[in-house]
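S.K.: Next come a sequence and a model predicted from it.
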Amino acid sequence: MITRGFAVLALVVAFATAAGASNDDAEKQCYASAINSFIAQKQRLLSVIPVPVGSRIAIRRLEEQFCSQTTQCATASMAKDAISLAASAIFDRCLQNEAKEVYDLVPRR
């Protein structure tokens, strides 16, 4: 499961770069904290094979929490009037990226 964790990390770093994340140390620390927490908790939930239904539900909630945290990281330095629209788009993209990774989805055209 470590490979999956690093794949998530790579996606988030790419997403943060695409979203225009600044080089601000506080923002980097925010992302690092969210990523490290997400990977550790997800590995714990995936440690039981087969993965119980309750753990699958917990993983989905964890993904939502992770996307919420990374959205807060991305919008922390934005002007207040831009946060609402940006936060919605960033959160949506994050959930899409998680679904693509987990289910090997191909985007619709």
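M.R.: Structure received. Residues are numbered from 1 along each chain as shown.

S.K.: tell me which element residue 38 falls in.
M.R.: In this structure, residue 38 sits in helix 25-45 according to DSSP states H and E.

S.K.: Just give me how far that helix sits from the chain centre.
M.R.: Chain-centre distance of helix 25-45: 9 Å, with C-alpha atoms, centre = their mean, to the nearest Å.

S.K.: Can you give me the buried ones in that helix?
M.R.: 27, 30, 31, 34, 35, 38, 39, 42, 45 (16 or more other C-beta atoms under 10 Å). C-beta here means a position set from N, CA and C on the backbone, and glycine is covered the same way.

S.K.: and the gap between the fifth one and residue 98?
M.R.: The reference is to residue 35. Counting by C-beta to C-beta, to the nearest Å, the gap from residue 35 to residue 98 is 13 Å.

S.K.: Name all residues that make contact with residue 87.
M.R.: 71, 74, 75 (C-beta atoms under 8 Å, 6 or more residues apart in numbering).

S.K.: What strand or helix carries it?
M.R.: Per DSSP H and E: helix 80-103 holds residue 87.

S.K.: could the contacts of residue 87 be laid out in CSV, adding pLDDT, distance to residue 59 and neighbour count?
M.R.: Listed next are the contacts of residue 87 as CSV, based on pLDDT from 0 to 100; distance: C-beta to C-beta, whole Å; neighbours: other C-beta atoms under 10 Å:
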residue, pLDDT, distance to residue 59, neighbour count
71, 95, 19, 22
74, 92, 22, 26
75, 92, 24, 18
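
S.K.: I'd like these as TSV, with secondary structure appended.
M.R.: As requested, these are exported to TSV (DSSP: H, G, I helix; E, B strand; the rest coil):
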residue	secondary structure
71	helix
74	helix
75	helix
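
S.K.: picking up where we left off before, next, the angle from the helix holding residue 38 to helix 80-103.
M.R.: Angle, helix 25-45 to helix 80-103, by axes from the mean of the first three to the mean of the last three C-alpha atoms, to 10 degrees: 30 degrees.

S.K.: Before I go, just wanted to say thanks for your time.
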